[in-house]
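Undergrad: quick one, structure for this:
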Amino acid sequence: MATERTLIILKPDAVQRGKVGAILSRFEERGFQFAAVKMAHLSQELLKEHYAHIADKPFFPGIASFMSSCPVIVAVVEGKEAVEVVRAMCGPTNSRKAAPGTIRGDFALSMQCNVIHASDSAESAQKEIARFFKPEEIHSYKRTLEGLTYSADEKA
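TA: I've put the predicted structure just below:
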């Protein structure tokens, strides 16, 4: 089982409400590590690229306005089955349907203002990571506690 990387974006509502630390710490507490983290103000051009699958929908201008309303936190999360596990930690996009204990279930009540974006597949993760980070901004390192996060047979 190989280590996998995925992208998360802490949305403007997470930043404005002061939930960045609480949300990021959940990934570390679970055992994931960060390969990259930065604050960015998303341009309309970048948002059109990132949301290309809905850029022609009537609700897109509202999403673009929201996502560019203040800086966001963009991060690369790394670990075993990162895409699937991170998505499960986030909960469903509609926060009202997210179970307590998930990030959206604990911090949001909205479909749009749902505090976090997470890549939906390994392929999307690769594209999204490349969209938001230059290769030199992504770091590899071995955590000293890795032996307490994965068993010996899972480290291969």
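Undergrad: send the alpha carbons of stretch 17-24 over as PDB?
TA: Provided in PDB are the C-alpha atoms of stretch 17-24 (Å, rounded to 0.1, in the frame of the first residue of the first chain):
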ATOM      1  CA  ARG A  17     -14.300  31.700  11.600                       C
ATOM      2  CA  GLY A  18     -10.900  30.900  12.900                       C
ATOM      3  CA  LYS A  19     -11.200  27.100  12.300                       C
ATOM      4  CA  VAL A  20      -7.900  26.600  10.400                       C
ATOM      5  CA  GLY A  21      -5.900  25.200  13.300                       C
ATOM      6  CA  ALA A  22      -8.800  23.000  14.500                       C
ATOM      7  CA  ILE A  23      -9.300  21.500  11.100                       C
ATOM      8  CA  LEU A  24      -5.600  21.000  10.200                       C
END
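Undergrad: pLDDT below threshold where in the protein?
TA: Counting by pLDDT under 70, the ranges of the chain that qualify are 1, 156.
Undergrad: if you set the cut-off to 90 instead, what comes out?
TA: Applying pLDDT under 90 to the chain flags the ranges 1-3, 142-156.
Undergrad: give me the secondary structure label for A35.
TA: What DSSP: H, G, I helix; E, B strand; the rest coil gives for A35 is strand.
Undergrad: now do the contacts for K97.
TA: By C-beta atoms under 8 Å, 6 or more residues apart in numbering, the contact set of K97 is G91. Yep, even glycine has a C-beta here, placed from its N, CA and C like the rest.
Undergrad: swap the cut-off to 10 Å and go again
TA: Residues in contact with K97 (C-beta atoms under 10 Å, 6 or more residues apart in numbering) are 91, 104-105, 111.
Undergrad: tabulate the residues you listed (CSV), appending secondary structure and distance to T149.
TA: Converted to CSV, those look like this (DSSP: H, G, I helix; E, B strand; the rest coil; distance: C-beta to C-beta, whole Å):
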residue, secondary structure, distance to T149
G91, coil, 23
R104, helix, 24
G105, helix, 24
M111, coil, 33
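Undergrad: quick check on those: which are buried?
TA: For the contacts of K97, a burial check counting by 16 or more other C-beta atoms under 10 Å picks out 91, 104-105.
Undergrad: sorry, back to before: export the contacts of K97 to CSV and tack on distance to K11?
TA: Listed next are these as CSV, based on distance: C-beta to C-beta, whole Å:
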residue, distance to K11
G91, 14
R104, 11
G105, 16
M111, 12
